[in-house]
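1. need a structure here:
(4 chains)
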Amino acid sequence: MTVAATPSAAPGFAARALRHPSFVAGAVLTGLIVLMALVSYVWTPHPPLEMTVSQRLKPPSEAWWLGTDAFGRDVASLIMAGARNSILVGVVAVGIGMTAGVAFGLYASAKRGWTEEIVMRLSDFVFAFPAILSAVMLTALAGAGTANSIIAIGIFNVPVFARITRAAANSVWAREFVLAARAAGKGGFRITVEHVLPNIVSILVVQATIQFAIAILAEAALSYLGLGTRPPDPSWGRMLNEAQAHIFRSPTLAVFPGIAIALSVLGLNLLGDGLRDLIDPRLARKR
Amino acid sequence: MPLLEVENLTVTLATNRGPGDAVRNVAFALDRGETLGLVGESGCGKSITALALMSLLPERARIAGSIRLDGRELTTLGEDQLCGLRGDRMAMIFQEPMTSLNPVQTIGRQVAEPLILHKGMTRAAARERALDLLDRVGLPNPAARLDQFPHQLSGGQRQRVMIAMALACDPDLLIADEPTTALDVTIQGQILDLILDLVEERGMALLLISHDLGVIAETTQRMMVMYGGSVVEAGPTAEVFARMAHPYTRGLFAARPKLGPATETPLATIAGVVPELADLPPGCPFANRCPLMIPPCNDGLPPPLPMGPDHISRCIRARELVASA
Amino acid sequence: MNLFLLKRFATFIATLIGTSLVVFLVLEVLPGDPALVMLGPDANEDAVAALRDKLGLNQPAVTRYLEWIGGLVTGSFGQSYSYGVSTGELIVERLWVTVPLALMAMLMTVVIALPLGIHAASKHNKAGDVVVMGVSQLGIAIPNFWFGILLILFFAVQLGWASAGGFPGWDEGVLDGISALFLPAIALALVQAAILARFTRSAVLDVLREDFVRTARAKGLTRRAALWGHAVRNALIPVVTIMGLQFSNLLAGTVVIENVFQLPGLGRLVFQAIANRDVPVVRDAVVILAAKVVIINFVVDLLYAWIDPRLKAHDV
Amino acid sequence: MSAALVEAERLRKVYALPRERLTAPAPQVVAVDGVSFTLQAGRSLAVVGESGSGKSTLARLVMALEPPTAGRILQSGRDLAALSPGELRRARADFQMVFQDPYGSLDPRRTVGWTIAEPLSALTDAGRAEQRERVAEMLAQVGLRAADAEKYPHEFSGGQRQRIAIARALITRPKLIVADEPVSALDVSVQAQVLNLMRELEARFGVTYLLISHDLAVVNYVAAEIAVMYRGRIVEQAPTRALFDRPAHPYTRALLEAVPKPEPGRTRRRRARAEPAGEIGTGCSFAPRCPFAIDRCRVEAPSLRKLETGHAAACHRAEEVIAG
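-> Numbering: from 1, shown residues only, chains lettered A, B, ... in the order given. Down below sits the predicted model:
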C-alpha cells in the first residue's frame, strides 16, 4: 500500500511551470529573442549591413522602423542580427565555463583535502580579480574580437561554476545515500556520476541561465569599449558606443539596442528564477 | 474559573494538497499548578495546538473556537495585546535548543530580553535577574555564561537556558513542546525534573507535549492522546494508563518495545500509515487503521464518551474495548 | 588577532603576489615592443636598442619582476612610456576620481538596497514586496553603461541639467566634483542595488524562518521587534559577503562607466594605457585595482568576524 | 571453530579538529578509544550509548567506510585493512548497512528498484534481468509490492522507506547488517513494524545485526548481546538479560533508570541535579557523574574486566554496583 506524498515529477512539473508567472514570462521573452535571431538569418527588414548614405541618422519611420544609424544602416535589422552575436557569445562562454567549472568542482568535492583547497584557492584568485578588468586585459593581449571576448567571459565563468558545483556537491556527499552507496561498494567516480551529478543538475541549470544573462551583459560592455565584436558584425554593445557619438542629433539610437539587451537579460533572469522556484529545493530535502 | 480554557479549537492549514484540519474540535481546561500531557505521533496536531495557544500559528492558518486565558479570549485579541501576554503570562519551551537560541546574541542578553520587555527593567537589573535565573536552572558557572554565546554550551545546558528564558517573567502557563526529544536520555531526566520542580515552586500550569508515553506517564497528572488532529482520549494519567479506552492509545502503548524480559512474540503493530491532513476521513480519524472499525465509525467524529471520572474517549466502541480487556 | 583572520591575511598576501605575477606575465607576452611604440615606427634600430637598454628590457624577466615589485613596495614607481611621468603620480591622481566614484556608488547601493530588501522581506508576498521585486528584476537587467547613456540623454540632452560627462577636478570645488560624479555613481549603483536588495530580502526571509525568531516571538516581541532585534543581524552575515563582492564589481565597473562619462579615472587610464601599450602604467594600475579588491575582501572578513561570534571564539 | 563474524581489536579513531591556536597542535577528538569486541554469527550485538559516545563512528569503522587510527577489524578472520581495494569491494557483499534517516539514505533522483539493486550492480556482475528478479523478491520479503520498484522514494512513508533501505542491505545476502539507529527517526507505531521485520529477517536469512542505538528498549527487543559505550569506550558488555538484570557499570544503571516507563501511577523520583561541570583527569571518564566514585576512580581509569561468563565491565567497583 503506497501513499503518494506528492504527484510524480514529470507531468506535475509541466503543469506547475505553466502556472508560474515569472517562468512563463521568462520563457516567452527568451523564446522571442532566440526566434528573432533565427529569423534574422532568413529575413530582416533591410539587409543589416547595407549602408544607405542618403538615409543617415533618420528617426523611426515606416520605412526604417527604428530609424537608421550614422552609416545609414537600418537599426531594426541590426538589432535582429545582433541577437545572433549575443546568443553565440552567451552559449559558448557559459558552455566553456560550465564544462571546466563543473569538472573542477566535482573533482574538488570528491577528493577533498588538499586538492579541494588548491582548486578553491585558485578559483578565489580568479574571482578576486575584477572580471571586466581581466576581460579587458585578455582582449587587449590577444586583440579585440568575438572569439577572444568569448574566451575572456568563459574564463570568468569557470570559478563561478566551480564554486557552486563544489558547494552543491559537498552537500550531496554529506547525505546518507552517498554513504549507502559507499557501503554498497561504489567508488568516488561512480558516486559522482550516479548520485552527485543528477542531484545538482537542477542547481546548475538555474545558474547557467543566470550566467548566460551575465555573459550577454559582459559581451555588450566589451563591445561598447571596442574590445568585443569587431565591425562590421552587428553587436548591441557597439551600437550603443556608436550611438553615444550622435546622442545630441539622434537620441533614439541610444535607446533601442539597450532595450534589446535589457529584455534578453530580463527574460533569462526570469527564466532562472522560475526554474529555481519550480525545482523547489525544499522538496528534495523534505522530512 | 480555570486558568486556561480551550473550546472547540479547530485550526485549518493550507497544505500542498488543499486545506486540512490540523486541529479538530479540541477542548480542555487547565488550572494553575496542574500538569497536562499531550501525546501523539508526528503530524497529529500537538505542536499546532501549542502554537495556537501562543497565537503563533503560520500566517495562512485559520483558527476557530475559543481559547481563554484567565477568562480573556485570545483568538480575537489584537497583536499588541498578544505580545503583552506572550513571554509574560504564557511562555514556551521548544524542542531544539540548538536552533531556538539566537546564535549571535549572548546568553545573558537573550534571558534578560523578556524582563526588559515586560517588566520594564533596566539592562543592568535584568542582567542581575538573568544571573539568578541561570543559577536557578542549574547552569554551572552562570556568571561566566552570561557573556557566552549558544554555540559554547552543550545541548542540555542550552535547554536550561531556554527554560530560564521562559520562566523569566514568572508566567502562569508554561508550554513545553517536546523539551527533551533532542537530548540524551540521562539529560532528559534532569531537564524534566527541573521543569517539574519549577512548576511546583511557582504554581504554574504546565502543558507538556511529547511523543513518548513514558515521559507523559512520569511527569503529568492529566493527559490527552491526539490522533489526526483530534483528542481521541483524555483523563487523569493514572486512569488512562489503567483503563485505556481508545484503540489508538492501546496500539501506541503496545507498539513500544518494553525494557523487561525480551519476548519471542512480535510487537503489536498498527497497520497502515498516518493519513495526510488533507486526506483525513470524515468520521473517526483512526477508522482506516483500526482493528475495531465498524461502518458507523465513518459517520462523523465520534463524540466524547465518558469512561470514568474526568476520563473520556472518542471511540464509539470504547465500552466494549474496556470491558473486553 | 585570531586564527581565522590570520588565515585570511595569508590568503590576502598570496592573492596579491599571484595577481602581480599574472599581470607581469600577461604583459610579458603582450605583442609590441614598448621601445618601438615610444619612438614611433620610423625610429632607427640603434635608438630603439638604446631605449630598450635604458628601460631595462634586456634584463631577464625574473630580475625585472623583482625590481618592479621592490619598487612598488618601496614607493618608487616606474615611468609611464606615453605620459612621461611617474606611474605613481599618474595613478594617485586618477585614484582621486575612481575611489570617490566607487565609494559614492557603494554608499548609494547600501542606502537604497538594505532598507528595501528588509522592507520587502517583512512584507513577504504583499504589495510592497512585489513592487520591490519587480523593480529590482528590471534593475538587474539594465546594463550599467546603457543606464549611464540614458542618464546623459535625459539629464544632459533633454533637461540640460548636467554636463554630458567630464570632470572639472577637485580644485574647482568639492561640490562641483561631487555633482560631476553623481550621475556616474547612480549608473553604477543601480544594478548593484537591485542585486543587493534581492539578496537582502532572501537572506532576511531565510532567517525569519529560523526557530530562534519563533522563540523571540514567544517571548512577546512584536513581528517588527523580532525582525530588527534578531533577524537582521543574522541576515547581515551573508549580506556582507555579497557587499564585498559588489564593491569589487563596482571598482571593475568604473572601467566602463568612466568611459561613458569621460571621467579621468583609473579605469580609463588602464583602458587607454592598454591601447597605448604603456606597460608600466598598465601593470601598476591593474595591480593597484586588484589590490583594492583583495583589501576589500579582507575587510569583509574582518566585518564577518565582528558580526558572527562563532568566528571570534578562537584566539591565537 | 570457525572465526567470529567480526572481531574488533583495540580500535581507535581520532579526528583532528580545525586548529584553534597557531602555536599549539590541532586539537583532537578521540571518537573511539581502544574498543575490542567479538561478534559471533547468530548473536546480534547492540551498541548502546548517548550522542557523542562514538557508536556511529564504530559502525563506520566496522563497515570499512573509514580507516581506524589504530587497531584492526577482522571479518570472518580477514583483516579488512589488509585487503586490496578490489578484494574489499567484493568482500562488501558480506556486510551491508542500514542508516538512521530513511529520508536521507535514499537518493531522491533514483527509483526504488535502482536503489535496491545498487549493491548488486556495484559488487556483482548480475545482469539486468537477474537484478530485476532479485529486487522483486526483496520487495516481497520486506512487505512491498514488485510494482513499487518503478516509484521514487518521495512516494513512500518513512516506515516504507526504511523497508526499502533494509531490502537494499539484504539483496547481496550478507552475513552481517550494521544498522545505525534504524528506527530512531520513525514514529512509535511504525518503529514496531520495522523492528518486527528485522527480527523476521534474522530468522529467515540467518543474518546477524550489529545494531547501533541510543534506545535500550529497542536494543532489548533485537539484540542477544549488548555493549554500552561511554565517551568512546565500551564500559560494559553482557548478554541482554544479564545486562538488564545485573548492570555492573554505574553508567548502565543510570541509563536504565533514566528511561521513562509508561506505567500507570508511576511518578518520577525527583532529584534536582545540576549539569556536571567537572573536568576529567586521568581517571574514569564517568567519575564526575558517578554516585559510586571513589578517589581511585579519579586517578586510575578502569579497564574492561570479566565479571562472569560473557559479562564484562570497566568499573573498579563493579561487584558493588551489581549488588546494588
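2. In the stretch 51-200 of chain B, which residue sits closest to chain C?
-> Across the stretch 51-200 of chain B, no residue is closer to chain C than B:Gly87, which sits at 3.4 Å (C-beta to the nearest C-beta). Placement of C-beta: from N, CA and C, glycine included.
3. distance of that residue from chain A?
-> Shown here: B:Gly87 relative to chain A, a distance of 29 Å by C-beta to the nearest C-beta, to the nearest Å.
4. Repeat that for C:Phe199.
-> 13 Å.
5. How about C:Glu89, nearest residue that isn't a chain neighbour?
-> Take C:Glu89 and drop its neighbours on the chain: the residue closest to it by C-beta to C-beta, 6 or more residues apart in numbering or on different chains is C:Phe77, 7.6 Å away.
6. Next, count neighbours for the residue of the stretch 51-200 of chain B closest to chain C.
-> Residues near B:Gly87, counting by other C-beta atoms under 10 Å in any protein chain shown, number 27.
7. list the contacts for the residue nearest to C:Glu89?
-> Going by C-beta atoms under 8 Å, 6 or more residues apart in numbering or on different chains, C:Phe77 touches C:71, C:86-89, C:91, C:280, C:284.
8. In a strand, C:Asn297, correct?
-> No. According to DSSP: H, G, I helix; E, B strand; the rest coil, C:Asn297 belongs to no strand; its state is helix.
9. C:Val73 in helix, strand or coil?
-> The local conformation at C:Val73, judged by three-state DSSP, is helix.
10. What's the local residue count around it?
-> When neighbours are counted by other C-beta under 10 Å, C:Val73 registers 8.
11. Among the contacts of C:Phe77, find me the one that's closest to D:Thr172.
-> Nearest to D:Thr172, judged by C-beta to C-beta, of the contacts of C:Phe77 is C:Asp284 at 65.8 Å.
12. So that closest one versus chain D, what's the distance?
-> From C:Asp284 over to chain D the distance is 34 Å, taken as C-beta to the nearest C-beta.
13. now that residue: how far from C:Phe24?
-> With the distance defined as C-beta to C-beta, to the nearest Å, C:Asp284 ends up 11 Å from C:Phe24.
14. now do D:Val321
-> Distance, D:Val321 to C:Phe24, by C-beta to C-beta: 74 Å.
15. For residue 252, which non-adjacent residue is spatially closest?
-> Went with chain A since none was named. Using C-beta to C-beta, 6+ apart and skipping residues adjacent in sequence, the residue nearest A:Thr252 is A:Gly67, 5.5 Å away.
16. that's the wrong chain, I meant chain B
-> Excluding the flanking residues, the one nearest B:Leu252 by C-beta to C-beta, 6+ apart is D:Val188, at 5.9 Å.
17. Share the number of residues neighbouring the one you found, please.
-> Other residues near D:Val188 come to 23 when the count uses other C-beta under 10 Å.
18. Among the contacts of C:Phe77, name the ones in strands.
-> Using DSSP state E, the subset of the contacts of C:Phe77 located in strands is empty.
19. ok, so of these, who is nearest chain D?
-> Nearest to chain D out of these is C:Gly71 (C-beta to the nearest C-beta; 32.2 Å).
20. ok, now which ones touch that closest one?
-> Taking C-beta under 8 Å, 6+ apart as the definition, contacts of C:Gly71 comprise C:77-78.
21. cool, and C:Pro184?
-> With contact taken as C-beta under 8 Å, 6+ apart, C:Pro184 is in contact with C:101, C:105, C:148, C:257-258, C:260-261, C:263.
22. thinking again about what came up before, just the buried subset of the contacts of C:Phe77, written out for ChimeraX, thanks.
-> Here is the ChimeraX command that selects only those of those that count as buried (16 or more other C-beta atoms under 10 Å in any protein chain shown):
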select /C:71,86,87,88,91,280,284
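23. With adjacent residues omitted, what lies nearest to A:Lys111?
-> Per C-beta to C-beta, 6+ apart, closest to A:Lys111 is A:Gly188, 7.6 Å.
24. Run through the strands of chain B in chain order.
-> B:4-15, B:18-30, B:35-39, B:62-69, B:72-73, B:90-93, B:173-177, B:205-210, B:222-227, B:230-236, B:305-308, B:311-313.
25. Quick check, pLDDT for A:Gly228.
-> Residue-level confidence at A:Gly228 comes out at 81, pLDDT.
26. what does A:Ala142 give?
-> 71.
27. now do A:Arg190
-> Looking at A:Arg190, its pLDDT stands at 93.
28. How about C:Pro60?
-> pLDDT for C:Pro60: 81.
29. Just want the phi and psi numbers for it.
-> The phi and psi values for C:Pro60, taken as degrees, to the nearest 10, are phi -60, psi 150.
30. Check the gap between it and C:Phe155 for me.
-> Computed as C-beta to C-beta, the C:Pro60 to C:Phe155 distance reads 54 Å.
31. between the two, who's got more neighbours?
-> Between C:Pro60 and C:Phe155, counted using other C-beta under 10 Å, C:Phe155 has the larger neighbour count: 17 against 8.
32. isn't A:Tyr224 right next to A:Ala254, touching?
-> No. When contacts are counted by C-beta atoms under 8 Å, A:Tyr224 is not listed as touching A:Ala254 (11.1 Å).
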